[in-house]
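> Here is a sequence together with a model predicted from it:
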Amino acid sequence: MRTLSRRRLIAAGIASATTLSAAAIAAKLASRYGLVPPDGAGLYGPGETLTYAAQRLLTRHSLAREFAPAQISRPPFANEVAPLGAPFRKLQDSGFTSWRLAIDGDVARPSTFTITDLRAFPRRTQITHLACEEGWSYIAEWTGVPLSHILDLVGASPQARYVVYRSIQPDWWESIDMDDALHPQTLIAHSMNGADLPVPFGGPLRLRVPRQLGYKSVKYITSLTVTESLKSFGKGLGSASPEGGYAWFAGI
Amino acid sequence: MPDSVEGRNPIRHALFVRVAHWLTALAFLALLVTGVEILLSHPRFYWGESGNALSTPLFKLPLPASRATVPTGYGYVLPDQNGWSRALHFQAAWLLVLTALPYLALGLFRGHFRRDLLPTRAGFSLRALAASLARHLRFPPPAPEEAWSYNLLQRITYLKVIFLLFPLAIWTGLAMSPAVASALPFVVTVWGGQQSARTLHFFVSISLSAFLVIHIVMVVRAGFRDRVRAMLTGRATATTPKEPV
(Lines give C-alpha, C1' and ligand atoms only; values in the text may rest on other atoms or scores of the structure.)
Protein backbone atom coordinates (compact mmCIF):
# COMPACT_ATOMS: atom_id res chain seq x y z
CA MET A 1 0.00 0.00 0.00
CA ARG A 2 1.37 3.37 -1.00
CA THR A 3 1.63 5.80 1.89
CA LEU A 4 -0.51 8.89 1.64
CA SER A 5 1.70 11.88 1.12
CA ARG A 6 0.67 15.18 2.64
CA ARG A 7 0.21 16.64 -0.82
CA ARG A 8 -2.20 13.89 -1.87
CA LEU A 9 -4.09 14.25 1.38
CA ILE A 10 -4.52 18.02 0.90
CA ALA A 11 -5.51 17.55 -2.75
CA ALA A 12 -8.09 14.90 -1.79
CA GLY A 13 -9.40 17.18 0.95
CA ILE A 14 -9.80 20.12 -1.41
CA ALA A 15 -11.46 17.91 -4.02
CA SER A 16 -14.05 16.52 -1.58
CA ALA A 17 -14.72 19.96 -0.08
CA THR A 18 -15.28 21.37 -3.59
CA THR A 19 -17.61 18.50 -4.51
CA LEU A 20 -19.62 18.91 -1.31
CA SER A 21 -19.97 22.69 -1.69
CA ALA A 22 -20.91 22.31 -5.37
CA ALA A 23 -23.60 19.80 -4.37
CA ALA A 24 -24.87 22.12 -1.63
CA ILE A 25 -24.98 25.11 -4.01
CA ALA A 26 -26.73 23.00 -6.67
CA ALA A 27 -29.34 21.88 -4.13
CA LYS A 28 -29.94 25.47 -3.02
CA LEU A 29 -30.26 26.76 -6.60
CA ALA A 30 -32.54 23.85 -7.56
CA SER A 31 -34.86 24.63 -4.68
CA ARG A 32 -34.86 28.38 -5.47
CA TYR A 33 -35.75 27.86 -9.12
CA GLY A 34 -38.48 25.33 -8.38
CA LEU A 35 -36.56 22.29 -9.60
CA VAL A 36 -37.23 20.08 -6.58
CA PRO A 37 -40.49 18.08 -6.71
CA PRO A 38 -42.68 17.80 -3.57
CA ASP A 39 -41.65 14.15 -3.26
CA GLY A 40 -37.95 15.00 -3.69
CA ALA A 41 -36.90 13.60 -0.30
CA GLY A 42 -36.42 9.99 0.73
CA LEU A 43 -34.79 6.95 -0.83
CA TYR A 44 -35.75 7.75 -4.42
CA GLY A 45 -35.64 11.53 -3.96
CA PRO A 46 -32.39 11.98 -5.91
CA GLY A 47 -33.82 10.23 -9.00
CA GLU A 48 -37.13 12.11 -8.79
CA THR A 49 -35.32 15.43 -8.38
CA LEU A 50 -32.89 14.80 -11.26
CA THR A 51 -35.79 13.87 -13.56
CA TYR A 52 -38.00 16.80 -12.61
CA ALA A 53 -35.12 19.33 -12.71
CA ALA A 54 -33.91 18.05 -16.09
CA GLN A 55 -37.45 18.24 -17.51
CA ARG A 56 -38.06 21.74 -16.19
CA LEU A 57 -34.71 22.97 -17.53
CA LEU A 58 -35.06 21.33 -20.95
CA THR A 59 -38.75 20.84 -21.76
CA ARG A 60 -40.63 23.53 -19.81
CA HIS A 61 -42.61 24.91 -22.76
CA SER A 62 -42.61 21.99 -25.17
CA LEU A 63 -45.92 20.92 -26.75
CA ALA A 64 -47.14 17.33 -26.59
CA ARG A 65 -47.26 15.65 -29.99
CA GLU A 66 -50.63 15.88 -31.74
CA PHE A 67 -51.83 13.24 -34.18
CA ALA A 68 -53.93 12.84 -37.30
CA PRO A 69 -57.60 11.75 -36.98
CA ALA A 70 -56.68 8.44 -38.67
CA GLN A 71 -54.39 7.63 -35.73
CA ILE A 72 -57.17 7.73 -33.14
CA SER A 73 -57.38 4.35 -31.35
CA ARG A 74 -60.62 2.57 -32.10
CA PRO A 75 -61.81 1.44 -29.67
CA PRO A 76 -59.87 3.31 -26.97
CA PHE A 77 -59.17 1.53 -23.72
CA ALA A 78 -60.75 2.73 -20.46
CA ASN A 79 -58.75 1.66 -17.44
CA GLU A 80 -60.74 0.32 -14.53
CA VAL A 81 -61.67 2.64 -11.67
CA ALA A 82 -62.94 1.92 -8.18
CA PRO A 83 -66.75 1.42 -8.17
CA LEU A 84 -68.45 4.80 -8.59
CA GLY A 85 -70.25 5.67 -5.38
CA ALA A 86 -73.76 6.89 -4.65
CA PRO A 87 -72.90 10.64 -4.93
CA PHE A 88 -71.65 10.07 -8.49
CA ARG A 89 -74.59 7.91 -9.54
CA LYS A 90 -77.04 10.50 -8.23
CA LEU A 91 -75.42 13.22 -10.38
CA GLN A 92 -75.27 10.83 -13.34
CA ASP A 93 -79.01 10.08 -13.07
CA SER A 94 -79.79 13.78 -13.52
CA GLY A 95 -77.54 14.05 -16.57
CA PHE A 96 -74.74 15.79 -14.62
CA THR A 97 -76.75 19.05 -14.59
CA SER A 98 -75.88 19.47 -10.89
CA TRP A 99 -72.17 18.65 -11.35
CA ARG A 100 -70.00 21.50 -10.05
CA LEU A 101 -66.35 22.38 -10.48
CA ALA A 102 -65.25 24.59 -7.57
CA ILE A 103 -62.05 26.66 -7.63
CA ASP A 104 -60.53 28.16 -4.49
CA GLY A 105 -57.20 28.85 -2.80
CA ASP A 106 -54.89 31.69 -3.88
CA VAL A 107 -57.41 33.23 -6.30
CA ALA A 108 -59.06 36.68 -6.39
CA ARG A 109 -62.53 35.29 -7.15
CA PRO A 110 -63.28 31.79 -5.84
CA SER A 111 -65.83 30.36 -8.30
CA THR A 112 -68.03 27.42 -9.11
CA PHE A 113 -68.84 26.32 -12.67
CA THR A 114 -71.43 23.97 -14.10
CA ILE A 115 -70.79 21.73 -17.11
CA THR A 116 -72.88 24.16 -19.18
CA ASP A 117 -70.64 27.06 -18.06
CA LEU A 118 -67.54 25.14 -19.04
CA ARG A 119 -68.94 24.17 -22.44
CA ALA A 120 -69.60 27.85 -23.16
CA PHE A 121 -65.96 28.83 -22.49
CA PRO A 122 -63.30 28.96 -25.23
CA ARG A 123 -62.37 25.41 -26.15
CA ARG A 124 -59.39 23.61 -27.53
CA THR A 125 -59.50 20.32 -29.40
CA GLN A 126 -56.39 18.16 -29.65
CA ILE A 127 -55.56 14.59 -30.65
CA THR A 128 -53.04 13.36 -28.11
CA HIS A 129 -51.53 10.17 -26.77
CA LEU A 130 -52.47 8.90 -23.33
CA ALA A 131 -49.81 6.55 -21.96
CA CYS A 132 -50.40 4.56 -18.79
CA GLU A 133 -47.49 3.86 -16.46
CA GLU A 134 -48.27 0.15 -17.02
CA GLY A 135 -47.08 0.36 -20.62
CA TRP A 136 -50.25 0.54 -22.73
CA SER A 137 -51.58 3.62 -24.48
CA TYR A 138 -54.27 5.03 -26.74
CA ILE A 139 -54.76 8.09 -28.92
CA ALA A 140 -57.96 10.12 -28.68
CA GLU A 141 -59.33 13.52 -29.56
CA TRP A 142 -59.98 15.63 -26.48
CA THR A 143 -61.97 18.84 -26.26
CA GLY A 144 -62.10 21.08 -23.23
CA VAL A 145 -61.39 24.43 -21.63
CA PRO A 146 -57.70 25.21 -21.25
CA LEU A 147 -57.01 25.28 -17.51
CA SER A 148 -55.11 28.55 -18.08
CA HIS A 149 -58.41 30.19 -19.13
CA ILE A 150 -60.06 29.19 -15.86
CA LEU A 151 -57.05 30.39 -13.85
CA ASP A 152 -57.26 33.77 -15.62
CA LEU A 153 -61.00 34.02 -14.93
CA VAL A 154 -60.65 33.41 -11.21
CA GLY A 155 -57.55 35.60 -10.90
CA ALA A 156 -54.93 33.10 -9.75
CA SER A 157 -52.23 34.72 -7.62
CA PRO A 158 -48.88 35.36 -9.35
CA GLN A 159 -47.23 33.74 -6.33
CA ALA A 160 -49.14 30.49 -6.93
CA ARG A 161 -46.90 27.52 -7.73
CA TYR A 162 -49.28 24.56 -7.95
CA VAL A 163 -52.83 23.59 -8.78
CA VAL A 164 -54.35 20.76 -6.73
CA TYR A 165 -57.28 18.89 -8.33
CA ARG A 166 -59.62 16.32 -6.85
CA SER A 167 -61.92 13.60 -8.13
CA ILE A 168 -65.37 12.85 -6.76
CA GLN A 169 -63.84 9.43 -6.00
CA PRO A 170 -62.51 9.39 -2.42
CA ASP A 171 -58.73 9.80 -1.96
CA TRP A 172 -58.09 10.50 -5.65
CA TRP A 173 -56.29 13.81 -6.01
CA GLU A 174 -53.28 15.16 -7.85
CA SER A 175 -51.40 18.39 -8.37
CA ILE A 176 -49.30 19.96 -11.12
CA ASP A 177 -46.91 22.90 -11.13
CA MET A 178 -47.78 26.18 -12.89
CA ASP A 179 -45.74 25.18 -15.97
CA ASP A 180 -48.20 22.37 -16.59
CA ALA A 181 -51.23 24.26 -15.22
CA LEU A 182 -50.71 27.18 -17.63
CA HIS A 183 -49.63 24.92 -20.49
CA PRO A 184 -51.90 25.43 -23.54
CA GLN A 185 -52.60 21.69 -23.85
CA THR A 186 -53.70 21.17 -20.24
CA LEU A 187 -57.48 20.95 -20.52
CA ILE A 188 -60.53 20.51 -18.36
CA ALA A 189 -61.84 18.02 -20.89
CA HIS A 190 -65.60 17.57 -21.34
CA SER A 191 -65.62 15.83 -24.75
CA MET A 192 -63.78 12.95 -26.36
CA ASN A 193 -63.77 11.85 -30.00
CA GLY A 194 -66.52 14.35 -30.83
CA ALA A 195 -69.03 13.31 -28.14
CA ASP A 196 -69.59 13.96 -24.44
CA LEU A 197 -66.72 12.47 -22.44
CA PRO A 198 -67.92 8.93 -21.59
CA VAL A 199 -68.01 7.96 -17.92
CA PRO A 200 -65.39 5.16 -18.23
CA PHE A 201 -62.97 7.77 -19.61
CA GLY A 202 -63.62 10.27 -16.82
CA GLY A 203 -66.84 11.97 -17.85
CA PRO A 204 -68.27 14.42 -17.23
CA LEU A 205 -64.95 16.20 -16.48
CA ARG A 206 -61.38 15.03 -16.64
CA LEU A 207 -58.21 17.06 -16.28
CA ARG A 208 -56.01 16.15 -19.26
CA VAL A 209 -52.26 16.68 -18.83
CA PRO A 210 -50.84 15.24 -22.07
CA ARG A 211 -47.18 15.75 -21.16
CA GLN A 212 -47.50 13.38 -18.22
CA LEU A 213 -48.58 9.74 -17.78
CA GLY A 214 -52.26 8.85 -17.58
CA TYR A 215 -52.48 8.81 -13.80
CA LYS A 216 -52.04 12.60 -13.72
CA SER A 217 -55.22 12.94 -15.85
CA VAL A 218 -57.64 12.51 -12.97
CA LYS A 219 -61.21 11.45 -13.82
CA TYR A 220 -64.44 13.00 -12.45
CA ILE A 221 -62.88 16.25 -11.16
CA THR A 222 -64.97 18.38 -8.81
CA SER A 223 -62.56 20.91 -7.32
CA LEU A 224 -59.32 22.81 -7.92
CA THR A 225 -57.18 24.63 -5.36
CA VAL A 226 -54.51 27.12 -6.37
CA THR A 227 -51.66 27.17 -3.87
CA GLU A 228 -48.14 28.33 -3.19
CA SER A 229 -47.20 25.25 -1.18
CA LEU A 230 -48.26 21.61 -1.16
CA LYS A 231 -47.16 20.98 2.42
CA SER A 232 -50.65 21.16 3.91
CA PHE A 233 -52.23 18.79 1.38
CA GLY A 234 -52.41 15.14 2.43
CA LYS A 235 -49.01 13.97 3.64
CA GLY A 236 -47.32 16.94 1.97
CA LEU A 237 -45.88 14.88 -0.88
CA GLY A 238 -47.87 16.71 -3.56
CA SER A 239 -50.59 14.21 -4.38
CA ALA A 240 -52.06 10.79 -3.65
CA SER A 241 -49.60 9.11 -6.06
CA PRO A 242 -46.42 9.51 -3.98
CA GLU A 243 -48.41 8.42 -0.93
CA GLY A 244 -49.00 5.18 -2.83
CA GLY A 245 -45.37 4.90 -3.98
CA TYR A 246 -45.71 6.52 -7.42
CA ALA A 247 -43.83 9.60 -8.64
CA TRP A 248 -45.50 13.00 -8.28
CA PHE A 249 -43.97 14.16 -11.57
CA ALA A 250 -45.07 11.68 -14.23
CA GLY A 251 -43.52 13.28 -17.30
CA ILE A 252 -40.64 10.82 -16.65
CA MET B 1 -0.53 2.70 -18.07
CA PRO B 2 1.81 2.67 -15.09
CA ASP B 3 4.08 -0.26 -15.65
CA SER B 4 5.09 -3.03 -13.38
CA VAL B 5 7.19 -2.09 -10.43
CA GLU B 6 9.65 -4.76 -9.32
CA GLY B 7 7.88 -7.36 -7.19
CA ARG B 8 4.38 -5.93 -7.71
CA ASN B 9 1.65 -6.79 -10.13
CA PRO B 10 1.19 -4.19 -12.82
CA ILE B 11 -2.16 -2.46 -13.34
CA ARG B 12 -4.60 -4.47 -15.47
CA HIS B 13 -7.64 -2.14 -15.29
CA ALA B 14 -7.42 1.61 -14.69
CA LEU B 15 -9.27 2.96 -11.66
CA PHE B 16 -11.92 4.75 -13.73
CA VAL B 17 -12.63 1.53 -15.65
CA ARG B 18 -13.09 -0.42 -12.43
CA VAL B 19 -15.34 2.21 -10.82
CA ALA B 20 -17.44 2.49 -14.01
CA HIS B 21 -17.65 -1.32 -14.29
CA TRP B 22 -19.09 -1.86 -10.81
CA LEU B 23 -21.40 1.17 -10.84
CA THR B 24 -22.75 0.03 -14.20
CA ALA B 25 -23.16 -3.51 -12.88
CA LEU B 26 -25.11 -2.17 -9.89
CA ALA B 27 -27.28 0.09 -12.05
CA PHE B 28 -27.96 -2.66 -14.61
CA LEU B 29 -28.94 -5.17 -11.94
CA ALA B 30 -31.45 -2.67 -10.51
CA LEU B 31 -32.73 -1.80 -14.00
CA LEU B 32 -33.16 -5.48 -14.86
CA VAL B 33 -35.07 -6.49 -11.73
CA THR B 34 -37.32 -3.42 -11.78
CA GLY B 35 -37.74 -3.68 -15.56
CA VAL B 36 -39.14 -7.20 -15.15
CA GLU B 37 -41.51 -5.95 -12.44
CA ILE B 38 -42.76 -3.11 -14.65
CA LEU B 39 -43.12 -5.47 -17.60
CA LEU B 40 -45.39 -7.72 -15.52
CA SER B 41 -48.03 -4.99 -15.38
CA HIS B 42 -48.52 -5.36 -19.14
CA PRO B 43 -46.65 -8.32 -20.67
CA ARG B 44 -47.91 -7.50 -24.19
CA PHE B 45 -46.04 -5.71 -26.95
CA TYR B 46 -47.20 -3.59 -29.87
CA TRP B 47 -45.80 -1.80 -32.89
CA GLY B 48 -46.54 1.81 -33.80
CA GLU B 49 -47.73 4.74 -31.70
CA SER B 50 -50.34 3.15 -29.44
CA GLY B 51 -51.48 -0.22 -28.15
CA ASN B 52 -53.59 -1.56 -25.28
CA ALA B 53 -55.55 -4.59 -24.09
CA LEU B 54 -58.13 -4.02 -26.87
CA SER B 55 -55.51 -3.87 -29.67
CA THR B 56 -53.89 -6.78 -31.45
CA PRO B 57 -50.46 -7.26 -29.90
CA LEU B 58 -47.31 -7.85 -31.91
CA PHE B 59 -46.65 -10.64 -29.39
CA LYS B 60 -47.36 -11.37 -25.76
CA LEU B 61 -45.25 -13.11 -23.17
CA PRO B 62 -46.72 -16.23 -21.53
CA LEU B 63 -46.65 -14.58 -18.12
CA PRO B 64 -49.25 -13.64 -15.53
CA ALA B 65 -49.79 -9.91 -15.04
CA SER B 66 -50.01 -7.59 -12.04
CA ARG B 67 -53.15 -5.97 -13.48
CA ALA B 68 -56.58 -7.54 -13.78
CA THR B 69 -57.29 -5.63 -17.02
CA VAL B 70 -54.67 -7.61 -18.99
CA PRO B 71 -56.01 -10.79 -20.63
CA THR B 72 -53.25 -13.29 -19.80
CA GLY B 73 -55.12 -16.59 -19.53
CA TYR B 74 -53.93 -16.98 -15.94
CA GLY B 75 -56.60 -17.12 -13.27
CA TYR B 76 -54.71 -14.88 -10.86
CA VAL B 77 -53.22 -11.39 -10.67
CA LEU B 78 -49.74 -10.71 -9.29
CA PRO B 79 -49.21 -8.03 -6.62
CA ASP B 80 -48.54 -4.53 -7.95
CA GLN B 81 -44.83 -3.64 -7.59
CA ASN B 82 -44.75 -0.73 -10.04
CA GLY B 83 -44.39 2.14 -7.55
CA TRP B 84 -40.94 1.35 -6.13
CA SER B 85 -39.93 -0.43 -9.35
CA ARG B 86 -40.43 2.69 -11.44
CA ALA B 87 -38.71 4.93 -8.87
CA LEU B 88 -35.69 2.61 -8.65
CA HIS B 89 -35.67 2.06 -12.43
CA PHE B 90 -35.30 5.78 -13.15
CA GLN B 91 -32.87 6.38 -10.29
CA ALA B 92 -30.69 3.51 -11.58
CA ALA B 93 -30.98 4.95 -15.10
CA TRP B 94 -29.58 8.23 -13.75
CA LEU B 95 -26.74 6.32 -12.07
CA LEU B 96 -26.04 4.60 -15.40
CA VAL B 97 -25.96 7.87 -17.34
CA LEU B 98 -23.93 9.73 -14.71
CA THR B 99 -21.42 6.85 -14.71
CA ALA B 100 -21.31 6.63 -18.49
CA LEU B 101 -20.51 10.30 -19.13
CA PRO B 102 -17.18 10.50 -17.24
CA TYR B 103 -16.32 6.95 -18.37
CA LEU B 104 -16.78 7.89 -22.03
CA ALA B 105 -14.77 11.10 -21.60
CA LEU B 106 -11.90 9.39 -19.76
CA GLY B 107 -12.01 6.38 -22.09
CA LEU B 108 -11.56 8.66 -25.04
CA PHE B 109 -8.91 10.97 -23.61
CA ARG B 110 -6.83 8.26 -21.96
CA GLY B 111 -6.86 6.03 -25.04
CA HIS B 112 -8.78 3.23 -23.27
CA PHE B 113 -11.10 2.64 -26.21
CA ARG B 114 -8.36 2.91 -28.83
CA ARG B 115 -5.82 0.77 -26.97
CA ASP B 116 -7.93 -1.77 -25.07
CA LEU B 117 -11.15 -2.12 -27.07
CA LEU B 118 -10.64 -1.24 -30.74
CA PRO B 119 -9.47 -4.35 -32.57
CA THR B 120 -5.89 -3.93 -33.77
CA ARG B 121 -5.63 -3.43 -37.49
CA ALA B 122 -3.67 -6.69 -37.84
CA GLY B 123 -6.20 -8.60 -35.76
CA PHE B 124 -9.29 -7.26 -37.45
CA SER B 125 -9.93 -9.27 -40.58
CA LEU B 126 -12.64 -11.71 -41.55
CA ARG B 127 -10.12 -14.52 -41.35
CA ALA B 128 -9.03 -13.49 -37.86
CA LEU B 129 -12.65 -13.19 -36.82
CA ALA B 130 -13.48 -16.64 -38.21
CA ALA B 131 -10.41 -18.14 -36.52
CA SER B 132 -11.29 -16.50 -33.23
CA LEU B 133 -14.89 -17.71 -33.46
CA ALA B 134 -13.82 -21.25 -34.33
CA ARG B 135 -11.35 -21.29 -31.44
CA HIS B 136 -13.99 -20.00 -29.02
CA LEU B 137 -16.53 -22.59 -30.06
CA ARG B 138 -14.12 -25.30 -28.91
CA PHE B 139 -14.11 -23.64 -25.46
CA PRO B 140 -10.37 -23.75 -24.83
CA PRO B 141 -8.96 -22.45 -21.58
CA PRO B 142 -7.94 -18.82 -22.00
CA ALA B 143 -4.45 -18.16 -23.33
CA PRO B 144 -2.11 -16.62 -20.74
CA GLU B 145 -1.93 -13.31 -22.59
CA GLU B 146 -5.71 -12.94 -22.23
CA ALA B 147 -5.15 -11.93 -18.62
CA TRP B 148 -3.55 -8.82 -20.06
CA SER B 149 -5.42 -7.98 -23.19
CA TYR B 150 -8.88 -8.60 -24.61
CA ASN B 151 -9.17 -10.98 -27.57
CA LEU B 152 -10.89 -9.99 -30.79
CA LEU B 153 -14.36 -11.31 -29.90
CA GLN B 154 -14.17 -9.69 -26.49
CA ARG B 155 -13.25 -6.34 -28.01
CA ILE B 156 -16.13 -6.44 -30.49
CA THR B 157 -18.58 -7.54 -27.79
CA TYR B 158 -17.57 -4.84 -25.30
CA LEU B 159 -17.68 -2.16 -28.00
CA LYS B 160 -21.16 -3.32 -28.97
CA VAL B 161 -22.38 -3.23 -25.36
CA ILE B 162 -20.85 0.21 -24.64
CA PHE B 163 -21.58 2.00 -27.90
CA LEU B 164 -24.66 0.23 -29.24
CA LEU B 165 -26.76 -1.63 -26.65
CA PHE B 166 -26.57 0.75 -23.67
CA PRO B 167 -27.15 3.87 -25.84
CA LEU B 168 -30.11 2.12 -27.50
CA ALA B 169 -31.54 1.11 -24.11
CA ILE B 170 -31.32 4.72 -22.92
CA TRP B 171 -32.71 6.12 -26.18
CA THR B 172 -35.70 3.75 -26.38
CA GLY B 173 -36.31 4.33 -22.68
CA LEU B 174 -36.39 8.09 -23.14
CA ALA B 175 -38.70 7.62 -26.14
CA MET B 176 -41.35 6.31 -23.73
CA SER B 177 -41.35 9.55 -21.74
CA PRO B 178 -44.26 11.81 -22.75
CA ALA B 179 -42.33 14.96 -21.73
CA VAL B 180 -39.21 13.99 -23.70
CA ALA B 181 -41.40 13.08 -26.68
CA SER B 182 -43.00 16.53 -26.52
CA ALA B 183 -39.66 18.35 -26.64
CA LEU B 184 -37.80 16.00 -29.00
CA PRO B 185 -40.37 14.18 -31.15
CA PHE B 186 -37.74 12.54 -33.38
CA VAL B 187 -36.59 10.51 -30.34
CA VAL B 188 -39.89 8.60 -30.75
CA THR B 189 -40.80 8.97 -34.41
CA VAL B 190 -37.50 7.48 -35.57
CA TRP B 191 -38.72 4.14 -34.15
CA GLY B 192 -42.20 4.46 -35.61
CA GLY B 193 -43.94 5.37 -32.36
CA GLN B 194 -43.97 5.09 -28.59
CA GLN B 195 -45.09 1.43 -28.55
CA SER B 196 -42.39 0.48 -31.07
CA ALA B 197 -39.83 2.11 -28.75
CA ARG B 198 -41.20 0.07 -25.83
CA THR B 199 -40.92 -3.15 -27.83
CA LEU B 200 -37.35 -2.30 -28.87
CA HIS B 201 -36.51 -1.42 -25.25
CA PHE B 202 -37.55 -4.97 -24.36
CA PHE B 203 -35.34 -6.57 -27.05
CA VAL B 204 -32.33 -4.41 -26.16
CA SER B 205 -32.79 -5.43 -22.51
CA ILE B 206 -32.90 -9.10 -23.55
CA SER B 207 -29.64 -8.59 -25.50
CA LEU B 208 -27.96 -6.92 -22.52
CA SER B 209 -29.15 -9.73 -20.24
CA ALA B 210 -27.76 -12.33 -22.66
CA PHE B 211 -24.46 -10.46 -22.60
CA LEU B 212 -24.47 -10.47 -18.79
CA VAL B 213 -24.97 -14.27 -18.67
CA ILE B 214 -22.25 -15.00 -21.24
CA HIS B 215 -19.92 -12.47 -19.59
CA ILE B 216 -20.26 -14.20 -16.22
CA VAL B 217 -19.80 -17.68 -17.77
CA MET B 218 -16.63 -16.48 -19.51
CA VAL B 219 -15.27 -14.90 -16.34
CA VAL B 220 -15.89 -18.15 -14.46
CA ARG B 221 -14.13 -20.16 -17.18
CA ALA B 222 -11.17 -17.80 -17.27
CA GLY B 223 -10.73 -17.99 -13.50
CA PHE B 224 -13.36 -16.23 -11.45
CA ARG B 225 -11.08 -15.19 -8.56
CA ASP B 226 -8.32 -13.77 -10.75
CA ARG B 227 -10.61 -11.87 -13.09
CA VAL B 228 -12.80 -10.44 -10.33
CA ARG B 229 -9.71 -9.49 -8.30
CA ALA B 230 -8.29 -7.71 -11.35
CA MET B 231 -11.54 -5.76 -11.77
CA LEU B 232 -11.63 -4.93 -8.04
CA THR B 233 -8.01 -4.12 -7.28
CA GLY B 234 -6.79 -3.39 -10.78
CA ARG B 235 -4.03 -5.98 -10.47
CA ALA B 236 -3.79 -9.28 -12.27
CA THR B 237 -2.26 -12.37 -10.71
CA ALA B 238 1.40 -12.62 -9.94
CA THR B 239 1.52 -15.99 -11.69
CA THR B 240 0.69 -14.48 -15.07
CA PRO B 241 3.77 -12.85 -16.50
CA LYS B 242 3.02 -9.85 -18.66
CA GLU B 243 3.60 -10.81 -22.23
CA PRO B 244 3.96 -8.32 -24.97
CA VAL B 245 0.90 -8.59 -27.20
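Right, received. Where do you want to start? These numbers were taken from a predicted model, which means no experiment stands behind them. Residues are numbered from 1 along each chain as shown, chains lettered A, B, ... in the order given.
> centroid residue for chain B?
Note on chain B: the residue nearest the mean C-alpha position is B:Leu208, at 4.2 Å, using C-alpha atoms, centre = their mean.
> can I assume A:Ser191 sits in a strand?
Yes - residue state for A:Ser191 (DSSP: H, G, I helix; E, B strand; the rest coil) corresponds to a strand.
> That one bridge partners, please.
Using DSSP bridges, the bridge partners assigned to A:Ser191 are A:Thr143, A:Asp196.
> touching chain A at all, stretch B:85-98?
Yes - counting by C-beta under 8 Å from any C-beta of the partner chain, chain A has neighbours in stretch B:85-98: B:86-88, B:90-94. Just so you know, the C-beta spots here come from the backbone N, C-alpha and C atoms, and that holds for glycine as well.
> What is the nearest of those to chain A?
Taking C-beta to the nearest C-beta as the measure, chain A lies nearest B:Gln91 of the residues of stretch B:85-98 next to chain A, at 2.9 Å.
> my guess is that closest one contacts A:Ala247, does it?
No - with contact defined as C-beta atoms under 8 Å, B:Gln91 does not count as touching A:Ala247 (10.5 Å).
> what residues are shared contacts of these two?
By C-beta atoms under 8 Å, 6 or more residues apart in numbering or on different chains, B:Gln91 and A:Ala247 have these common neighbours: A:Glu48.
> which one of the two has more residues nearby?
Neighbour comparison, B:Gln91 and A:Ala247: the larger count goes to A:Ala247, with 27 against 23 (by other C-beta atoms under 10 Å in any protein chain shown).
> circling back to that earlier point, for A:Arg208, state which of the residues of stretch B:85-98 next to chain A is nearest.
Of all these, B:Arg86 has the smallest distance to A:Arg208: 21.5 Å, by C-beta to C-beta.
> Number of residues surrounding the closest one?
B:Arg86: 23 surrounding residues under other C-beta under 10 Å.
> element containing it, please.
Take DSSP states H and E as the rule and B:Arg86 turns out to sit in helix B:82-109.
> If you count neighbours, what's buried in the worst-scoring helix or strand of chain B on mean pLDDT?
When the helices and strands of chain B are scored by mean pLDDT, DSSP states H and E, helix B:126-137 comes last with a mean of 84. Neighbour counts over helix B:126-137 (16 or more other C-beta atoms under 10 Å in any protein chain shown) mark B:Ser132 as buried.
> Name the SS class of A:Leu224, please.
Taking three-state DSSP, the label given to A:Leu224 is strand.
> how many neighbours does it have?
The local packing of A:Leu224 (other C-beta under 10 Å) involves 26 other residues.
> ok, what's across the strand from it?
Per DSSP bridges, the residues bridged to A:Leu224 are A:Ile103, A:Tyr165.
> List the residues that contact B:Ile38.
Taking C-beta under 8 Å, 6+ apart, we find B:Ile38 in contact with A:135, B:82, B:85-86, B:89.
> Any chance of the residues you listed in CSV with pLDDT and distance to B:Ile216 as columns?
Converted to CSV, those look like this (pLDDT from 0 to 100; distance: C-beta to C-beta, whole Å):
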residue, pLDDT, distance to B:Ile216
A:Gly135, 97, 29
B:Asn82, 96, 28
B:Ser85, 98, 24
B:Arg86, 98, 27
B:His89, 98, 22
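> Tabulate the residues you listed in CSV, adding columns for distance to B:Ala197.
Below are the contacts of B:Ile38 laid out as CSV (distance: C-beta to C-beta, whole Å):
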residue, distance to B:Ala197
A:Gly135, 11
B:Asn82, 19
B:Ser85, 19
B:Arg86, 17
B:His89, 15
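> and the strand or helix carrying B:Arg225, what does it pack onto?
Using DSSP H and E, B:Arg225 sits in helix B:194-233. Applying 3 or more C-beta pairs under 8 Å, 6 or more residues apart in numbering or on different chains; DSSP states H and E, we find helix B:194-233 packed against helix B:15-39, strand B:44-45, helix B:166-174.
> How about the residues of the stretch 51-200 of chain A by chain B?
Residues of the stretch 51-200 of chain A lying close to chain B by C-beta under 8 Å from any C-beta are A:51, A:55, A:58-59, A:62-65, A:67, A:71, A:73, A:75-77, A:79-80, A:129, A:131-139.
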